[in-house]
Every structure is written in C-alpha cells, then in structure tokens.
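Engineer: Have a look at this prediction, sequence included:
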Amino acid sequence: MTDDVRPIFVVGSPRSGTTLMRSILDAHPSIVCPPWETGIFVELASLLDRFEKTQAKHHFLTDDATIWQWVRQTVDELMARVTGSCVKPRWAEKTPVHVLHMELIHRVYPRAQFVHIIRNGYEVVRSLQNMSWAPDYVRGNARIWVNYVRAGRAAAGKLPAGLYHELRYDELVNEPERHLRQLCEFLGEPFASQMLDFDKPQNSSFGLAREPISADVKRDYRELSRLQRWAFNQVAGGLMRELGYR
C-alpha cells in the first residue's frame, strides 16, 4: 500500500458538532466531505476481528499484505462512489463512532488526519436525551460522551505528530474564522473564506443548504432535572473538570 493519500476523518461524540464540521470542510475548494456517514471502519473492524479468530482456530495461512491491500481498496472504492463526480483533490469522511477505530484507520491510511470535535458533555447529553436512537436515561448518554472523548484522546497519543487536531465546538462557534484558520494550518491547506459560508448551496459539493453557525448553537432542549444532573456528574464529572468545563 502506498501512503500518498491523505484523507481527513471527522470524529467525536454524537451531537458534538461533527455534522457542522463536515459542512465546513466540504465548503473548502480542495476538500469533499459527503453528507453520508459510511461507518465503514465499524464494519471492517468487526470483519477483521472475525477473520483473525477464524484464522487462529483453523490455522490457515494468508498473506497479511493482501488483506490490508483489500481493506484499503474497499475504502478507496466506497469513497470514490460517495464523492460522486466531485473532482476535489482530497476527501474527508464524517462518522462520529470512527473515533473508536482511529488505530485501524491509521493502519489503513498512515497519513490520514483526524479532526476530533469535543463539545461540553452536559450539552451533548441534553441533546442526546432528545434523540430516539440514543438511550433514554442520562447515565447511558453520559457514558457515550465519556467513552468517545476518552477513546479519541487516547488514540491521539499513539499517532505521529501532525495527524490529530482537537477542536472545541463552543470555541468554533464563538470565533469561527480564528479556529478555521488554525484547522487549515493543521491540514496543510490554505484558508478559504467560503468555509465561513458553508451554509450556502453554492459552497457545497452536493448543493446542500443548512443553517449558519449562528443558528447551530440555538437549541431548545430541556434542562436536566436535579436528579439527572447528579447522575450526569457521577459519570462525566471527572472528564468535565479535566476538559475545563463547569
């Protein structure tokens, strides 16, 4: 496998702003980021795990290089399809749960760069409480946030320099240009002003419109009850303090 490809993976806890970052990256003239979460490394991780167990049980021999070449080709072909006719030189992919598979992604794409979006855990849990696909109890949603954030930061410590960028959601929405310039520097791409106008269809590779950043922060979710806040702090209080959140 060659390591000339340098894709970008947007990862983080669900409801932390990864969709916003997807739209912003896709507005860059050199980056295409499809709106579809492929989840492909979740499936590949499961497949490779089953393959390894079967190989150990039946003692058959295989060429590891061939396996990894197939994995790389599979992802390349999928991304070629989901990016469609877009001719931008770099592709990015947004699947929050890929934060749990960064080591695998790095093995497949040694030069891949990761953008880890972190949002105040309390706001994430308030949002998750309103999602039909999320647990309907605070402890479960708090564990999702803690597990995803810790997994991303732990994986970052094993990556070579220049491959991991951590970006706080609240800082991004308060000072977008400043933090997008820092992001572009990390990616090795020139800053493009249309990233600030990602909400306009003409700046989307797929002609999509969405709310601007100013609207993205306005959510009418219920505050947690006193008992729910206690449960949240039991699970997430340590990480909240570690990250500097109240």
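Structural biologist: Perfect, thanks for sending it. Numbering: from 1, shown residues only.
Engineer: only C-alpha atoms for contact and neighbour calcs from this point on.
Structural biologist: Will do.
Engineer: Would you mind listing where this structure has pLDDT under the threshold?
Structural biologist: For the chain, residues meeting the criterion pLDDT under 70 lie at 1-3, 55-63, 214-220.
Engineer: What strand or helix carries the most centrally placed residue in the chain?
Structural biologist: Residue closest to the average C-alpha location in the chain (C-alpha atoms, centre = their mean): Val11, at 1.4 Å. Here Val11, judged by DSSP states H and E, is contained in strand 8-12.
Engineer: So which elements touch that strand?
Structural biologist: The elements that strand 8-12 packs onto, with contact taken as 3 or more C-alpha pairs under 8 Å, 6 or more residues apart in numbering; DSSP states H and E, are helix 18-26, strand 90-94, strand 113-118, helix 138-156.
Engineer: Nearest to Leu239, out of those?
Structural biologist: Leu239 sits nearest to helix 138-156 of all the helices and strands packed on strand 8-12, at 6.9 Å, using C-alpha to C-alpha.
Engineer: in stretch 239-246, what's buried?
Structural biologist: Judged by neighbour count using 16 or more other C-alpha atoms under 10 Å, the buried positions of stretch 239-246 are 239-240.
Engineer: before we move on, what about stretch 186-200?
Structural biologist: Of the residues in stretch 186-200, 186-187, 191-192, 194-200 count as buried by neighbour count, 16+ other C-alpha under 10 Å.
Engineer: And stretch 76-96, by the same measure?
Structural biologist: Applying 16+ other C-alpha under 10 Å to stretch 76-96 flags 79, 82-83, 90-96 as buried.
Engineer: Could you find which two of the residues you listed are furthest from each other?
Structural biologist: Using C-alpha to C-alpha, the two most remote members of these are Arg90 and Pro96, lying 19.4 Å apart.
Engineer: about what we covered before: how close does the residue nearest to the centre of the chain get to His116?
Structural biologist: 5 Å (C-alpha to C-alpha, to the nearest Å).
Engineer: Show me the common contact partners of the two, please.
Structural biologist: Common contact partners of Val11 and His116 (C-alpha atoms under 8 Å, 6 or more residues apart in numbering): 99, 152.
Engineer: Turn the buried residues of stretch 186-200 into TSV, including secondary structure and distance to Gly238.
Structural biologist: Formatted as TSV, the buried residues of stretch 186-200 follow (DSSP: H, G, I helix; E, B strand; the rest coil; distance: C-alpha to C-alpha, whole Å):
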residue	secondary structure	distance to Gly238
Phe186	helix	29
Leu187	helix	31
Phe191	coil	36
Ala192	coil	38
Gln194	helix	38
Met195	helix	34
Leu196	helix	34
Asp197	helix	36
Phe198	coil	35
Asp199	coil	36
Lys200	coil	39
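Engineer: Around the nearest residue to Gly121 once chain neighbours are set aside, count how many other residues there are.
Structural biologist: Nearest non-adjacent residue to Gly121, counting by C-alpha to C-alpha, 6 or more residues apart in numbering: Trp145, 6.3 Å away. Using other C-alpha atoms under 10 Å, Trp145 is surrounded by 27 other residues.
Engineer: I'd guessed Trp145 sits against Pro96; true?
Structural biologist: No. Taking contacts as C-alpha atoms under 8 Å, Trp145 lies outside contact range of Pro96: 10.9 Å.
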